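coordinates for the following, if possible.
(chains A and B)
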There are 2 protein chains.
Amino acid sequence: MRKINIGLIGYGTVGSGVALFLQKRKSMIRKRYQIDFNIKSVCDLDIHQRDTKSIKTARLTTNFNDILNDTSIDVVVELIGGTHPAKEIVVAALKSGKNVVTANKALISNFGKELFTLARKHNRHLYFESAVGAGIPIIKTLTEGIVGNTHDRVYGIVNGTCNYILTVMKRHNYTFERALKDAQKRGYAESDPTLDINGMDSAHKLAILIYLAFGKFVSLKDIYTEGITEISAEDIENADQMGLTIKLLAIAKKEKNLIEARVHPTLIPKDHPLASIHDVLNAIYLNADPLGDILLSGEGAGQMAAASGVVSDLINYASKTFDTALYCNLYDENAQLKLKKIDAIETKFYIRFTVIDQPGVLSRISGILGKHHISINSVTQKAHNKKSAVPVIMLTDYTTEKNIGLALKAIHKLPVIKSKPVAIRMEKLA
Amino acid sequence: MRKINIGLIGYGTVGSGVALFLQKRKSMIRKRYQIDFNIKSVCDLDIHQRDTKSIKTARLTTNFNDILNDTSIDVVVELIGGTHPAKEIVVAALKSGKNVVTANKALISNFGKELFTLARKHNRHLYFESAVGAGIPIIKTLTEGIVGNTHDRVYGIVNGTCNYILTVMKRHNYTFERALKDAQKRGYAESDPTLDINGMDSAHKLAILIYLAFGKFVSLKDIYTEGITEISAEDIENADQMGLTIKLLAIAKKEKNLIEARVHPTLIPKDHPLASIHDVLNAIYLNADPLGDILLSGEGAGQMAAASGVVSDLINYASKTFDTALYCNLYDENAQLKLKKIDAIETKFYIRFTVIDQPGVLSRISGILGKHHISINSVTQKAHNKKSAVPVIMLTDYTTEKNIGLALKAIHKLPVIKSKPVAIRMEKLA
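Below is the predicted model of the structure:
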C-alpha cells in the first residue's frame, strides 16, 4: 500500500467533489491500485464557512504556504482557477519537489510551456486532465492513448454553457437572453457568464488542444474568438431548414507550417456526429494519422465530471513513476509553426440580410459580393411584404474573412438594407 | 535515447502496418520520446513471400523461437491472432522477461486472467489496446483515462464488418447477401466472414470490455450471441419508419452482483449518438460514475487503425516503468459477480409476423402474447391483401427472453402465420 498525502488548494465546487469522490471510492482505490490517498491539508480562503464533512481529518487553512511548506505532502491539487496566485502556487510546489494536479485551463493555456519545463527540470508530474472537457480523457488520449499519431484538424464543443444555450434556443425557439436565464436557473451558467458566452473559455481550451495536437504554444490573443451572444432563434431555424446546426466550435487546423485557430459559432451538417452533442455535453473530434478521425464525448462540466478528471490524474500519478516526456516533449521549437491571420482564413458563410422587398435589391447585393470575389451558392427569400423589411438568406462559397468583411460593410451601407447583416461561418468538418 | 528491440511475430496486414508506421514516424518518436524502436526480428510462416521493404535490417524467420530465445529483444509484438500458438508465444515471452504487445482479442478474452497474472508475476507489461476497437483508445480510457470511476452499462458497436453491412442495407435497401458481397469487394469483410457476421468477434471484444468495466472474467460461451444474418431490408425499413435504427450491439450491464452480457441486432433510437456511427466505424458508449456517460468512436478496423493501437502501446510501454496494476487489479474474486441467464433478461421487442389477412388474426396473436404476460405497445399492418400474406409489425413492452420465446413458438404454429416470426430486441441505451 502506498500512502499519498494530498494538499488540496481550493475547496469550492470541484474541490469538495474531489474530496467526496476519494472518500466514496477509498476502499476500491486501496484494493485495486494499492494506493491510500490521504487529504492531509485543505486550503481555501473561506474554508471555515464551508461544509467540511468529507475532510474531517484534514488540516484546514486559509494560507496556501501551509501546504507548500509541508514536506510530507506528495501532491498538490490546485483548484482555485485563474492565473494568479495559481501560477505561483504551482511553481513553488514543483520547485519543492511536489507533484501537481490542476484543472486550471487559464493556467495551462497561459503558462503551459514554462510549467512543463519546470516539471521536467524537477522530475515531477503536472497533470491537467480536467482542464479540457472535465473528465473526458482528451488529454490522456492525445498524449498516450493515440500517441504516435499526428494531427492536423481539431474541432471541439468545449463549453457546456454555450452548448446548453444553443440547444435550448433550438429546442424551444428561445431567444439568447431567455436561454441564458434558463441555463443560470439550472446552474449551467454562472451569474456572470461573460467568459463562457464570449468564447474565452473555449479559447483557453483550444490553446491547450493546439499544444497537444500540434506541439505549439499559441498566445490566447492570437486565437480569433467570437461568442454566441449575437445568435438569434431565427438563424437557428433557418440553419435547421438547410440541414445545418449552429454550434460554438473551437477549431484548429494545421497546413504545412501554418496554424489556424478560432472560436466562433459555426454551421455544421446535421448528420455530423458533433451535431448530436446536445445540452451541456462536450465533444472533441479530431483527425489522427494514421488512425483516422476519432470522437470523444461526455459531460464536460459539473462538479463530479471535473472531480473525475482530477481523481484519474491522482491515480495515474500515484501508480506510475515519473515520466513527463509524453506531454512535455511535444513542443518543437524548430518546427517554426506560424499562426494564420484570421483575415486569410477561408470558410463558407451563412448571411442573413434584412431588406426592403423591392426589385433590384438582390442584384445590388450580389453585385457587391461579386466585386469582392464571393460566389453565392444559394439565395432564399421566404416572405414577400411590400410594407416591411424581409429576411434574405444567402449561403456563399469559400471566401476569406477579409473579403466577407469588406463586402458586408459595403452592403450594410445600401439604403435598402435595414439592419446589420448577420454572418455565420460554415465548416465541412473534414 | 532508449533503444528498444522489437520482435514482431505475424507479418500480415497489421504487422506490416506496424513496420510502416514505425518507419514513417521514426524521427518524430526519437525526438519527442527519446525512443529508438528497432524491429530486430520478424517471424511469419510466409515471410519469404512477403514484401519486406520496410523491415530491411530485420532478421527474417519462420520460427518464433528465434525471437523468444533472443535475449536482446525487449518486447514481442504478437499479431498472429487466434488462441494457439499465440498463447504459448505470449507465455514464453513473459516468462523470459520480455514485454508483450498484442492485438489479439481471442487471446485476451480467453486467457486474459492467466496472462495478466503471469505478467504481474514477472513484472512485465502486456498491452492490448488494438484488441477492441483497433486504435480507438478504449482500453487506455477504461484503465487510466477515467480510472476511479465505476461502470454498470457498456454498449459497443465493435465490429466494422457488421456495421458496414447494416449501413449499406439501410442506405441502398440491399439484402443482407448483397451488402455482404459489397463489403467483401471493398475489403471490409473476409472471404470467410463467419466470425464477424455471427457475432463471435463482437463477443470476444465484449468479454474484454466486461473485464475492464466490471472486473469479471466471463466465459465466451456465457455471452448470448446472435449475428446479423437474419436481418432483412424490410425490418430495417420498418424500424426507420418508427424512428429506430438496427445496430449489432455488444451489451453488458451490471445490477448488484448480476451481469448480463449479450451480442445481438438491436433497435436503438435514431437520435442516439450510436445511431450515427456509420460504415466501418466503431463506437463504445458507457456510463461512468461519477463522470457520466461517455462515447468514443473512430475507425475500429483496418491496417493502420490497428497498427496505431499497437504503436501507441509500444510508446507507452517504452516510456513508462513497469506497473501492470492499472489493468491487472480490476479482477475482484470476492465480488461474486454472476452472469444473468439470457432467459431472464428483459427487453422490448420488435416482432414481424407474416399473416393471412383475415378477421380475428390479431386477436389470436395478441391472445397468445397476453397469455405469456407480454403487453403490446403498438401494432402496424401496412398492407391489406385478401389473396396473399401480409406483414404485421408489433412493438412489445418489456418482457423476458423466455416469455417471448414461448409466445413466438406458439404463434408460429397458428395456421394463419405464414413464416417464422422475426424478433429484434430494442434498447433504451440509458
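
from the chain's centroid, how far away is stretch A:14-22?
Relative to its chain's centre, stretch A:14-22 lies at 23 Å (Cα atoms, centre = their mean, to the nearest Å).

now stretch A:193-203
Stretch A:193-203 sits 9 Å away from the centroid of its parent chain (Cα atoms, centre = their mean).

that one: end-to-end distance?
From its first residue to its last, stretch A:193-203 covers 15 Å (Cα to Cα, to the nearest Å).

relative to residue A:225, how far out is residue A:195?
Separation of residue A:195 from residue A:225 (Cβ to Cβ, to the nearest Å): 11 Å. From N, CA and C alone the C-beta is placed, and that goes for glycine too.

so the two - more neighbours on which side?
residue A:225 (21 against 17; other Cβ atoms under 10 Å in any protein chain shown).

may I have the beta-bridge partners of the more buried one?
residue A:263 (DSSP bridges).

what is the burial count for residue A:332?
14.

surely it touches residue A:211?
No. If you go by Cβ atoms under 8 Å, residue A:332 and residue A:211 don't touch, sitting 10.9 Å apart.

now the strands for the stretch 251-400 of chain A?
Counting by DSSP state E, counting those that start in this stretch, the stretch 251-400 of chain A has strands at residues A:258-269, A:281-286, A:294-299, A:338-339, A:346-355, A:376-381, A:390-396, A:399-400.

so what touches the helix or strand following the last one?
Later in the chain than strand A:399-400, the nearest helix or strand by DSSP states H and E is helix A:401-412. The set of residues that contact helix A:401-412 without belonging to it, under Cβ atoms under 8 Å, 6 or more residues apart in numbering or on different chains, is A:342-345, A:347, A:349, A:351, A:353, A:365, A:368-369, A:371-374, A:396, A:417, A:420-421, A:423.

drop anything exposed from these.
Neighbour-count burial (16 or more other Cβ atoms under 10 Å in any protein chain shown) applied to the contacts of helix A:401-412 gives A:342, A:345, A:347, A:349, A:351, A:353, A:365, A:368-369, A:372, A:374, A:396, A:417, A:421, A:423.

quick one on the thing from earlier: helices - which of the contacts of helix A:401-412 land there?
A:365, A:368-369, A:371 (DSSP state H).

re the thing from before, kindly reformat the strands of the stretch 251-400 of chain A as a markdown table containing mean pLDDT.
Formatted as a markdown table, these follow (pLDDT from 0 to 100):
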| stretch | mean pLDDT |
| --- | --- |
| strand A:258-269 | 96 |
| strand A:281-286 | 97 |
| strand A:294-299 | 97 |
| strand A:338-339 | 90 |
| strand A:346-355 | 96 |
| strand A:376-381 | 93 |
| strand A:390-396 | 95 |
| strand A:399-400 | 96 |
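
distance to residue B:159 for these - can I get that in JSON lines?
Below are the strands of the stretch 251-400 of chain A laid out as JSON lines (distance: least, Cβ to Cβ, whole Å):
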{"stretch": "strand A:258-269", "distance to residue B:159": "26"}
{"stretch": "strand A:281-286", "distance to residue B:159": "22"}
{"stretch": "strand A:294-299", "distance to residue B:159": "18"}
{"stretch": "strand A:338-339", "distance to residue B:159": "42"}
{"stretch": "strand A:346-355", "distance to residue B:159": "36"}
{"stretch": "strand A:376-381", "distance to residue B:159": "39"}
{"stretch": "strand A:390-396", "distance to residue B:159": "39"}
{"stretch": "strand A:399-400", "distance to residue B:159": "43"}
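
what sits against the closest residue to residue A:135 other than its chain neighbours?
Nearest residue to residue A:135 in three dimensions, chain neighbours excluded: residue A:308, at 3.3 Å (Cβ to Cβ, 6 or more residues apart in numbering or on different chains). By Cβ under 8 Å, 6+ apart, the contact list for residue A:308 reads A:21, A:130, A:134-135, B:146, B:148-149, B:288, B:290-291.

what do you get if the cut-off is 10 Å, keeping everything else the same?
By Cβ atoms under 10 Å, 6 or more residues apart in numbering or on different chains, the contact set of residue A:308 is A:17-18, A:21, A:129-130, A:134-137, A:298-299, A:302, B:145-149, B:288-292, B:294.

for residue A:25, see how far away it is.
On the measure of Cβ to Cβ, residue A:308 and residue A:25 end up 10 Å apart.

who touches both of those two?
Residues touching both residue A:308 and residue A:25 (Cβ under 10 Å, 6+ apart): B:148-149, B:289-290.

count of neighbours near residue A:155?
Applying other Cβ under 10 Å, I find that residue A:155 has 26 neighbouring residues.

check residue A:400 too.
Count around residue A:400 with other Cβ under 10 Å applied: 18.

repeat for residue A:140
So residue A:140, with other Cβ under 10 Å, has 27 neighbours.

just to check, it is in contact with residue A:131?
No. Contact criterion Cβ atoms under 10 Å: residue A:140 and residue A:131 do not qualify, at 11.9 Å.

what is in contact with those two at once?
Going by Cβ under 10 Å, 6+ apart, residues that sit against residue A:140 and also against residue A:131 are residue A:309.

any idea how far residue A:165 is from chain B?
Separation of residue A:165 from chain B (Cβ to the nearest Cβ, to the nearest Å): 19 Å.

not counting sequence-adjacent ones, nearest residue to that residue?
For residue A:165, the spatially nearest residue (Cβ to Cβ, 6+ apart) is residue A:179, at 4.4 Å.

the one you found: what secondary structure?
Judged by DSSP: H, G, I helix; E, B strand; the rest coil, the three-state class of residue A:179 is helix.

swap in the one 10 residues further on?
Secondary structure state of residue A:189, per three-state DSSP, is coil.

ok so, going back, how many neighbours does the residue nearest to residue A:165 have?
Neighbours of residue A:179 using other Cβ under 10 Å come to 25.

likewise for residue A:153?
Neighbours of residue A:153 under the rule other Cβ under 10 Å: 19.

beta partners for it?
residue A:253.

how about stretch A:382-395: buried residues?
A:389-395.

got the residues of the stretch 1-150 of chain A near chain B?
Contact residues (Cβ under 10 Å from any Cβ of the partner chain) of the stretch 1-150 of chain A with chain B: A:17, A:20-22, A:24-25, A:28-29, A:31-35, A:37, A:129, A:133-150.

strands - which of these land there?
Judged by DSSP state E, strands contain the following of the residues of the stretch 1-150 of chain A next to chain B: A:35, A:37.

list only buried entries from the residues of the stretch 1-150 of chain A next to chain B.
In those, the ones that pass as buried (16+ other Cβ under 10 Å) are A:17, A:20-22, A:24-25, A:29, A:32-33, A:35, A:37, A:129, A:133-150.

would you agree residue A:297 is in contact with residue B:286?
No. Between residue A:297 and residue B:286 there is no contact, the gap being 11.9 Å when judged by Cβ under 10 Å.

joint contacts of the two?
B:293-296.

poorly predicted segments of the stretch 301-430 of chain A, please.
A:321-326, A:328-329, A:333 (pLDDT under 70).
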